[in-house]
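Peer 1: Provide a 3D model corresponding to the input given below.
(2 chains)
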Amino acid sequence: MKAVLRRLYAVWHARNLEFLRDRGAMLFQLLMPIAIVAGMGVVFGGAPRPLFKVGVLTADLATAKHPFLHARYFDFVREADEPTAVHGVARNRLDLAMDLTSSPIRYWVNADSPKGYIAERLLLQADPAARRSPVLGQSSRYVDWLFPGVLGMNMMFSCLFGVGYVVLRYRKSGFLKRLHATPVNAVEFLAAQVLSRLSLTLLVTLILYVGVGTIIHFSPVGSTALLALVAVLGALSMIAFGLIIAARFSSEELVGGMLNLLTWPMMFLSGVWFSLEGAPRWLQIAARTLPLTHVLDAARAVALDGAGVSAIAPDLAYLAGTTVIFLVLGAWSFRWSLR
Amino acid sequence: MSWRLNELPTSEAILQVRDLVKEYPGVRAVDGVSFSVRAGHCFGLLGPNGAGKTTAVEIMEGILAPTSGEVLYRGAPLGPRFRQEAGILFQKTALQDFLTVRQTLGLFRGLYEHGTDPDELLRVCALEKLARRDNRKLSGGQQQRLLLAVALVNDPAILFLDEPTTGLDPQARRNFWDLVQTVKARRKTIILTTHYMEEAELLCDEIAIMDGGRIIAQGAPRALLRQHFADVLLELPRQEFTAQARELPLKFIEAGERVEITTNDLDSTLRALMDRHVPLNNLRIRPPNLEDLFLELTGKELRP
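Peer 2: Just a heads-up that it's a prediction; the model follows:
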């Protein structure tokens, strides 16, 4: 028994030493929870998180007076004009929109939305005189809004972890060193990794798109070819992002930590689950730097609003540009061997 | 077989190493090493673990950058041509997981412009029956044969073998030597590091003995032995080599539990030992080998 404990201690101690000497991994172990807590605090901070989001047409939300505005768990956002507000309802960005400038007040609600239904009941309880206006144009279902988000998130994990860990494993096993002794150079090796992961990711995404899309009757308003272009550029950008992480480091814990540090904010800030409408301005700007935000914005614009190439050109340019920058950084900092 | 023969005349140096130094913080792993390797020869770097062999070889392979000094291949610094023409077997080579033997050869064949047909390599390296086996499920000897096949896949002009038989059982080691001799018969230049003297004596035309990052002796194995040793070597158990015997004017060294006496006059040496009543029942007389040379040069045994 004593011998068992002694061996246990020896291994435990050695493992602790290893961990403590791996400064990068330790730093991440500490930073990660802080980052998550801080991120949650920013997104969900302050009072209990509102459950519903209501757009309000009014000159000044702060001075506006209406009994419904005192309802708890509602987030009221000022909308600039009627078309924006109505579009927000149609695309499930808002659960309900109301116009305080009219009397009796008018409101819009997406007939397909469960949250819209509840919000409407509560509004009518507060103000029985409110009049419902029709939402013109095709309203989309929440599931149609969510579907590109889930596909994009899946793609992100596949791209970042797929290349990140694989290259790291090659480096640790010494396989990269063996390749270094052949005529292969870093750019060729990285390009092969990018292409291999790109084809795999696109294949998986295609299977999900066709399979799940059929089940939920997903039919994009815009061009499917354009959606495919968004998927290709998005996957390239995120794979290249993963390669920067994999280019240099030799510690699984450090790389795992860094990949988590990248994927978690993307999952919450890129609008996979909910739109960042109403979040602080700086947070929305930060979200714009993440490749996944551009993938989802472009994909939703095409699928839900039928946007064309010119409408999503800035997103496509951002994805293409970041791909090049990430690849150059990755190739520049690439290391074949362990230090 | 369709292998290229080395086109250089054997008198010419295919690889030149000049004043190679490699420093790590606090250590000089390679401390001013120079030599040249003639085309078609097998050049052996010998030394104990930590002598700097692998560091020197990895600089020659272009894997490590030297702190100072240079390596010339066919008279020019290592470049794309060297990468195309060199075959390399590292001391520890990892292969990609999940690939079969055949797929591994296919992968490496794809990295080179010229090369040997993988099927032919499978035959030469006795891997035909293992072609569809996962890399990870090979025995030590099978794995080394595959790694040699990988090193030969580009039909190299120069082949680096870094401790290729370390960890193999004697049978597998002998099989591997047979293979290397097949390759050698094609007049390929081979650079071999080893701490097995037997391996060096069997395969190498020229050797350099390294210790502490420096070359302490260099030449053809037989010439080196002739140069450093008189004709015969006498081995006695240490406890039988009495204090009285130690006073004799003999050239001897102590190696573990043995005492080794070198002499060119066997007759008078034996007489002198008998006069001092040294028991000769356990005496062995044999010609000196490279192990003895190493011991003689460094006072250390080659294998710890």
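
Peer 1: and B:L248, how many residues sit next to it?
Peer 2: 15 (other C-beta atoms under 10 Å in any protein chain shown). Heads up, the C-betas are built off the backbone N, CA and C, glycines and all.

Peer 1: ranges for the helices of the stretch 201-304 of chain B?
Peer 2: B:221-228, B:243-246, B:266-275, B:290-298 (DSSP state H, counting those that start in this stretch).

Peer 1: and these as a markdown table, adding distance to chain A?
Peer 2: Below are those laid out as a markdown table (distance: least, C-beta to the nearest C-beta, whole Å):
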| stretch | distance to chain A |
| --- | --- |
| helix B:221-228 | 28 |
| helix B:243-246 | 46 |
| helix B:266-275 | 50 |
| helix B:290-298 | 29 |
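
Peer 1: most packed of those helices?
Peer 2: Burial of the helices of the stretch 201-304 of chain B is given as mean neighbour count (mean count of other C-beta atoms under 10 Å in any protein chain shown); helix B:290-298 ranks first at a mean of 20.

Peer 1: how far off centre is it?
Peer 2: Chain-centre distance of helix B:290-298: 15 Å, with C-alpha atoms, centre = their mean, to the nearest Å.

Peer 1: packing partners for that helix?
Peer 2: For helix B:290-298, the packing partners by 3 or more C-beta pairs under 8 Å, 6 or more residues apart in numbering or on different chains; DSSP states H and E come out as helix B:197-203, strand B:206-211, strand B:214-219, helix B:221-228, strand B:251-255, strand B:258-263.

Peer 1: is it possible to export the helices of the stretch 201-304 of chain B to a markdown table including mean pLDDT and distance to A:G55?
Peer 2: A markdown table is the format used below for those (pLDDT from 0 to 100; distance: least, C-beta to C-beta, whole Å):
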| stretch | mean pLDDT | distance to A:G55 |
| --- | --- | --- |
| helix B:221-228 | 82 | 90 |
| helix B:243-246 | 80 | 104 |
| helix B:266-275 | 86 | 109 |
| helix B:290-298 | 78 | 85 |
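
Peer 1: deepest-packed of the helices and strands packed on helix B:290-298, please.
Peer 2: Of the helices and strands packed on helix B:290-298, the one with the most neighbours on average (mean count of other C-beta under 10 Å) turns out to be strand B:206-211, with a mean of 24.

Peer 1: partners of that one in the sheet?
Peer 2: Strand pairing for strand B:206-211, using DSSP bridges, gives strand B:42-46 (parallel), strand B:214-219 (antiparallel).

Peer 1: looking at these, which is closest to B:D178?
Peer 2: Among the strands paired with strand B:206-211, strand B:42-46 comes nearest to B:D178, with 14.2 Å by C-beta to C-beta.

Peer 1: can you get me a residue count around the closest residue to chain A within the stretch 1-150 of chain B?
Peer 2: Across the stretch 1-150 of chain B, the shortest distance to chain A (C-beta to the nearest C-beta) belongs to B:A94, at 3.8 Å. Using other C-beta under 10 Å, B:A94 is surrounded by 18 other residues.

Peer 1: my guess is it contacts A:F175. True?
Peer 2: Yes: the pair B:A94 / A:F175 is scored as a contact, 4.5 Å apart, by C-beta atoms under 8 Å.

Peer 1: could I get the strands paired with strand B:206-211 as TSV with mean pLDDT?
Peer 2: Listed next are the strands paired with strand B:206-211 as TSV, based on pLDDT from 0 to 100:
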stretch	mean pLDDT
strand B:42-46	93
strand B:214-219	91
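
Peer 1: turn those strands into a markdown table, columns for distance to B:G87.
Peer 2: Supplementary listing: these in a markdown table, determined by distance: least, C-beta to C-beta, whole Å:
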| stretch | distance to B:G87 |
| --- | --- |
| strand B:42-46 | 13 |
| strand B:214-219 | 24 |
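
Peer 1: rewinding a little: to A:L96, which of the helices of the stretch 201-304 of chain B lies closest?
Peer 2: Closest among the helices of the stretch 201-304 of chain B, using C-beta to C-beta: helix B:290-298, at 88.0 Å.
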